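J.: okay, here's the prediction I keep looking at, along with the sequence it came from:
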Amino acid sequence: MTGTPTVTIQEGPYTARLFAPDDHPEQDDTTGHEERELVWDDTRWLRFTAHTDLHETHCLQVLEGDRPVALATLLLTRRAGGLLFYDAPRLAGTASPMAEPELLDPAEREHWDRLAASLPEGRPDQYPSLALATFGNHHGVAHARGRSPRQRASVMAALPALVRQAAAQLGCRSAALLYVGEPEAEAVDAAATRAGYRATLLGADAVHELNADTWDQYTAGLGSRRRRGLRKEVGAYEQSGFRTVATTGPAALDDTVIDLQVAHREKYGLPGGLDRVRRDFAALREEIGESCVVLGAVREDRMLGFALYLRAGDSLFLRTVGFAPEGAGCYLALTYHESTRWALENGIRRIHYGLATYEAKFQRGCQLQPRWGWFAFQEPEAATYREVLDLQSRSIERRLERVGAPATPLPSRLSPPSPTPLGAAR
């Protein structure tokens, strides 16, 4: 559906049109990443995100003059209970893959516990809340094709102020820009700091670059330690009677995959249940089904585990996994080694695995690419939220250091400012 923007806002040379929920500007194929195709900024994925009932979605169309130059998704959360990864007030002070207080020094941990306990239950003082992000732990900003790196960076630098203006128009008490990596992060950081946000390291996207053309070339190029680990895990997988079956397209999301996904969500306490999973997978089939790749771990003609990827160009993006209890032991072999084997046989050059479980990903050849977030909270608790965010950023910095892939600090993390609370005059 297309219609009239809710409101028009301005920042520097850019005008932004904020659209109502379930409404979006007319789009063609002129948006999206050029040099290396991404799925998270594909307009089909933005439409999939809009199917959620856990957040209210708004499109933000950025124009330079009368020419659209970027399109972003804003996720509005009216109260606590949305998906944690996109719920800014809950992200602050909640132990999760984006906050590991157990890695803090004892005094820091004590301070974290005290601060987290002092925040109001349910965080009602910070809702509604607005986040620039899209599912898949990515900022999801789709730039017009043909834009130079400098032009894209200029748009990204305008977004912190535009998001704050959008938050004000929508009556939000907090705002965030989430999951931004290089090369955009430094430009966003400077602008976000001026606009009163606090930077926080949220984690790192694990990316496996495949610098081989065949499975034999790939295994021959591994160091002896990694080669031994691969042979051990693949050997156990095969000796247990598993084989890998690939299915592509909308038909890959069948009832077996749905049942395994329900079990996965139940095990890890994720929002789910059969009805929700059926709705989610129906939306995937409708909007982006042709890009789906399911790799199944099959034993005696029964699928006991799966990994669902989305394909964009020569890249795969891991969306989710699911395993029956009898298939739990094949996770590493299927998700890393068998996925790599299939990728090499099908023209894939890289696999994006997303955030968390960094040790397993790093040990199996992934590069860890930092992902940052910027948060702005309303008084009277804004200072407490900022302190909490500083501590959880420190915890993720230490996690990546321990793995052996430290993140280069952003300028504002080297010398944190005293930001302007949301709603205050600048």
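T.: On my side now, so go ahead.

J.: spell out the residue ranges of the helices in the protein.
T.: Ranges of helices in the chain, per DSSP state H, are 43-49, 88-91, 106-118, 149-169, 185-194, 215-220, 224-239, 255-268, 274-288, 331-332, 339-345, 358-363, 382-403, 411-414.

J.: tell me the most buried of those?
T.: helix 88-91 (a mean of 26; mean count of other C-beta atoms under 10 Å). Where you see a C-beta, it was placed from the backbone N, CA and C, and this is true even at glycine.

J.: which strands or helices does that helix pack on?
T.: strand 129-132, strand 174-180, strand 367-377 (3 or more C-beta pairs under 8 Å, 6 or more residues apart in numbering; DSSP states H and E).

J.: could those go into TSV alongside mean pLDDT and mean neighbour count?
T.: Output for these, formatted as TSV (pLDDT from 0 to 100; neighbours: other C-beta atoms under 10 Å):
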stretch	mean pLDDT	mean neighbour count
strand 129-132	97	30
strand 174-180	98	28
strand 367-377	98	25
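
J.: re the thing from before, which stretch among the helices of the chain comes nearest I9?
T.: When these are compared by C-beta to C-beta, helix 149-169 sits nearest I9, at 4.3 Å.

J.: can you list contacts of that closest one?
T.: 6-7, 9, 11-12, 14, 16, 18, 58, 60, 62, 69-70, 72, 74, 130, 132, 141, 143, 147, 174-177, 180, 183-184, 187-188, 190-192, 194-197, 374, 376, 422-423 (C-beta atoms under 8 Å, 6 or more residues apart in numbering).

J.: re earlier: out of the helices and strands packed on helix 88-91, flag the one nearest R276.
T.: Short answer: strand 129-132, nearest of the helices and strands packed on helix 88-91 by C-beta to C-beta, at 20.6 Å.

J.: with distance to T247 and mean pLDDT added, can I get the helices of the chain in a markdown table?
T.: Shown next, in a markdown table, are the helices of the chain (distance: least, C-beta to C-beta, whole Å; pLDDT from 0 to 100):
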| stretch | distance to T247 | mean pLDDT |
| --- | --- | --- |
| helix 43-49 | 19 | 88 |
| helix 88-91 | 35 | 95 |
| helix 106-118 | 44 | 96 |
| helix 149-169 | 36 | 96 |
| helix 185-194 | 37 | 95 |
| helix 215-220 | 20 | 97 |
| helix 224-239 | 19 | 96 |
| helix 255-268 | 9 | 90 |
| helix 274-288 | 13 | 94 |
| helix 331-332 | 19 | 94 |
| helix 339-345 | 11 | 98 |
| helix 358-363 | 24 | 96 |
| helix 382-403 | 33 | 96 |
| helix 411-414 | 44 | 90 |
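
J.: A324: which of those is closest?
T.: Per C-beta to C-beta, nearest to A324 of those: helix 255-268, 6.3 Å.

J.: so Y127 sits against A80, correct?
T.: Yes. Y127 lies in contact with A80 (C-beta atoms under 8 Å); the separation is 6.9 Å.

J.: which neighbours do the two have in common?
T.: Counting by C-beta under 8 Å, 6+ apart, the contacts common to Y127 and A80 are P89.

J.: surely R90 meets A80?
T.: Yes. Counting by C-beta under 8 Å, R90 does reach A80; the two are 5.8 Å apart.

J.: shared neighbours, these two?
T.: Common contacts of R90 and A80, defined by C-beta under 8 Å, 6+ apart, comprise R123.

J.: the nearest residue to W40 once chain neighbours are set aside and R276: what is the separation?
T.: In space, and not counting its chain neighbours, W40 is closest to H138: 3.7 Å by C-beta to C-beta, 6 or more residues apart in numbering. Distance, H138 to R276, using C-beta to C-beta, to the nearest Å: 22 Å.

J.: what's the pLDDT at the residue nearest to W40?
T.: For H138, the pLDDT comes out at 93.

J.: who's it bridged to?
T.: T134 (DSSP bridges).

J.: thought F19 was touching T6?
T.: Yes. With contacts counted by C-beta under 8 Å, F19 reaches T6, the gap being 6.1 Å.

J.: list residues touching both of those two?
T.: Common contacts of F19 and T6 (C-beta under 8 Å, 6+ apart): H58.

J.: more neighbours: these two, which one.
T.: Per other C-beta atoms under 10 Å, whichever of F19 and T6 has more neighbours is F19, with 22 against 17.

J.: tell me which of Y127 and A80 has more neighbours.
T.: Y127 (23 against 17).

J.: and the more buried one, what does it touch?
T.: With contact set as C-beta under 8 Å, 6+ apart, Y127 has these partners: T77, R78, R79, A80, P89, C172, R173, S174.

J.: give me the pLDDT for it.
T.: 96.

J.: what sits against V39?
T.: By C-beta under 8 Å, 6+ apart, the residues touching V39 are W45, G136, I288, S291, L310, R311, A312, S315, F317.

J.: and which of the residues you listed is nearest to L38?
T.: Scanning these for proximity to L38, where the rule is C-beta to C-beta, the winner is A312, at 6.1 Å.

J.: so what sits opposite the closest one in the bridge?
T.: A312 has these beta-bridge partners by DSSP bridges: S315.

J.: about what we covered before: save the contacts of Y127 as CSV, and put in distance to L368 too.
T.: Below are those laid out as CSV (distance: C-beta to C-beta, whole Å):
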residue, distance to L368
T77, 28
R78, 34
R79, 34
A80, 30
P89, 27
C172, 32
R173, 33
S174, 28
